[in-house]
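S.K.: I'll drop the sequence and a predicted model, then ask my questions.
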Amino acid sequence: MAAHVIDRLAPVGFLLDRRSKVFADGWGDEGRLALFDSGLDASVPIPDLALDWGRKEEHVGFRVRRATFTSPVSEILEPDARVGTVEWIDPAQGSDRIVVLMPAWNDEGFDVRRRLAAMLADRGVGSYIADIPFYGRRRTRPDSSPAIGTVSEFAVMAHGAVAEGRALVAAAGRQARAGVAGFSMGGNLAAYVSATMPCPVATAPLAASHGPAPVYLDGAIRRAIAWKALGGQRTARPRLDDLLGRASVLRLPALMHHPAAVIVSGGRDGFVPPDLSRQLAAHWGAELRTVDRAGHGTLLWRHKDVLADAVRDAFERLGST
């Protein structure tokens, strides 16, 4: 099925607006590119995060608390990126389930995830929402768009996000049953976090690929890549494919909790083609739910109820196994 019309039009904006270019500043620090081979798996210990939660803010149907944390991989981060912020959005009556919601590409601030978290609170699920390296208050490029300019910064961001996501899931697990989810890049990060957890985790990758390589090189985003900054598409594409391919969840073994995962895809997604979600579902033996006529953006804008149901159901499926 052809990509949704909105997804087909998006590359026009990429061509017209240099600020939307991906990797506009080239490869970056060659030494940091090794971080695509993260070395993280379920055998790697997870450090404790010190989360000092502030006072509860009461809202209609839910309550909010905030804390800060120091990244467990601070040694690879610039000073401005070492401290993160996390919000805990909980149903007013409390909950025995908490999901860590990972962010999408350019998802700065918490507004988009707060809306999903509010819907999850209505379904009895609490949420942790955190920023990740280079995003929001952790920007190291305050005046640039996007926040990440080089391939090596992407490697640092992804490695840091997974390491922090693991630690947040572990922290959530000390309060309640823990899960991890996210949309688009956030879904890919959530899948990777889940694949590196030593304990059962409710998992809901939403509009998610098994890894970044096919999204950046085969989906709509390929037209946003600043190929000239990377030395030209002919030589840069194979190298980028190799580096990004190392971050695929398919390279990690399926764990016992993965058949309980719920994966959602848009049948007309032009950014994360549905085949990529199918490959992840097949690798895990997980449930795949496809919204047939939804594109990437319309899946998020018009079908949040489907996304929220998937997160809730991932907890229920895990609890029944």
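M.R.: Here it is on my side, so go on.
S.K.: mind listing the strands in the stretch 151-300 of the chain by residue range?
M.R.: Using DSSP state E, counting those that start in this stretch, the strands found in the stretch 151-300 of the chain span residues 177-183, 202-206, 262-266, 287-291.
S.K.: mind putting these in a markdown table, mean neighbour count included?
M.R.: All C-beta atoms are positioned from the backbone trio N, CA, C, and that covers glycine. Formatted as a markdown table, these follow (neighbours: other C-beta atoms under 10 Å):
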| stretch | mean neighbour count |
| --- | --- |
| strand 177-183 | 28 |
| strand 202-206 | 32 |
| strand 262-266 | 27 |
| strand 287-291 | 18 |
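S.K.: can I get those in JSON lines with distance to Pro146 and mean pLDDT?
M.R.: Conversion of the strands of the stretch 151-300 of the chain to JSON lines gives the following (distance: least, C-beta to C-beta, whole Å; pLDDT from 0 to 100):
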{"stretch": "strand 177-183", "distance to Pro146": "17", "mean pLDDT": "98"}
{"stretch": "strand 202-206", "distance to Pro146": "21", "mean pLDDT": "98"}
{"stretch": "strand 262-266", "distance to Pro146": "23", "mean pLDDT": "97"}
{"stretch": "strand 287-291", "distance to Pro146": "27", "mean pLDDT": "97"}
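S.K.: can you put the ones you listed in TSV and add distance to Leu299?
M.R.: Listed next are the strands of the stretch 151-300 of the chain as TSV, based on distance: least, C-beta to C-beta, whole Å:
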stretch	distance to Leu299
strand 177-183	8
strand 202-206	8
strand 262-266	4
strand 287-291	6
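S.K.: which stretch among those comes nearest Leu252?
M.R.: Across those, the minimum distance to Leu252, taken as C-beta to C-beta, is reached by strand 202-206, at 12.9 Å.
S.K.: what angle do that closest one and strand 262-266 make?
M.R.: Orientation check (axes from the mean of the first three to the mean of the last three C-alpha atoms, to 10 degrees): strand 202-206 against strand 262-266 gives 10 degrees.
S.K.: and the angle from strand 202-206 to strand 177-183?
M.R.: Note on geometry: by the same axes, to 10 degrees, strand 202-206 and strand 177-183 are set 10 degrees apart in direction.
S.K.: let's have the chain start at 165 instead
M.R.: Will do, 165 is the new start, and the previous item becomes strand 366-370.
S.K.: Just want the angle from strand 366-370 to strand 451-455.
M.R.: 30 degrees.
S.K.: Can you pull out the low-pLDDT segments for the stretch 265-414 of the chain?
M.R.: Low-confidence segments of the stretch 265-414 of the chain (pLDDT under 70): 308-309.
S.K.: go with 90
M.R.: 269-273, 300-301, 304-312, 382-388 (pLDDT under 90).
S.K.: List the contacts of Glu328.
M.R.: Listed by C-beta atoms under 8 Å, 6 or more residues apart in numbering, the contact set of Glu328 reads Phe233, Ser235, Pro236, Val237, Gly248, Ala294, Ile296, Pro297.
S.K.: what's the most distant pair in those?
M.R.: Checking these against each other with C-beta to C-beta, the farthest-apart pair comes out as Val237 and Ala294, at 13.8 Å.
S.K.: More neighbours: these two, which one.
M.R.: Taking neighbours as other C-beta atoms under 10 Å, Val237 and Ala294 compare with Ala294 leading, 27 against 20.
S.K.: bridging residues for the more buried one?
M.R.: The residues listed as beta-bridge partners of Ala294 by DSSP bridges are Val250.
S.K.: what's the first-to-last distance across stretch 436-455?
M.R.: 13 Å (C-alpha to C-alpha, to the nearest Å).
S.K.: actually stretch 386-405, not the one I wrote
M.R.: By C-alpha to C-alpha, the extent of stretch 386-405 from end to end equals 11 Å.
S.K.: Quick check, Val320 in contact with Arg196.
M.R.: Yes. Assessed by C-beta atoms under 8 Å, Val320 is found in contact with Arg196 at 5.6 Å.
S.K.: Specify the local secondary structure of the nearest residue to Tyr299 once chain neighbours are set aside.
M.R.: Excluding its sequence neighbours, the residue lying closest to Tyr299 (C-beta to C-beta, 6 or more residues apart in numbering) is Glu272, at 5.1 Å. For Glu272, the secondary structure call by DSSP: H, G, I helix; E, B strand; the rest coil comes out as coil.
S.K.: follow-up on the earlier one: make a markdown table out of the contacts of Glu328 and add secondary structure.
M.R.: What follows is the contacts of Glu328, written out as a markdown table (three-state DSSP):
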| residue | secondary structure |
| --- | --- |
| Phe233 | strand |
| Ser235 | coil |
| Pro236 | coil |
| Val237 | coil |
| Gly248 | strand |
| Ala294 | strand |
| Ile296 | coil |
| Pro297 | coil |
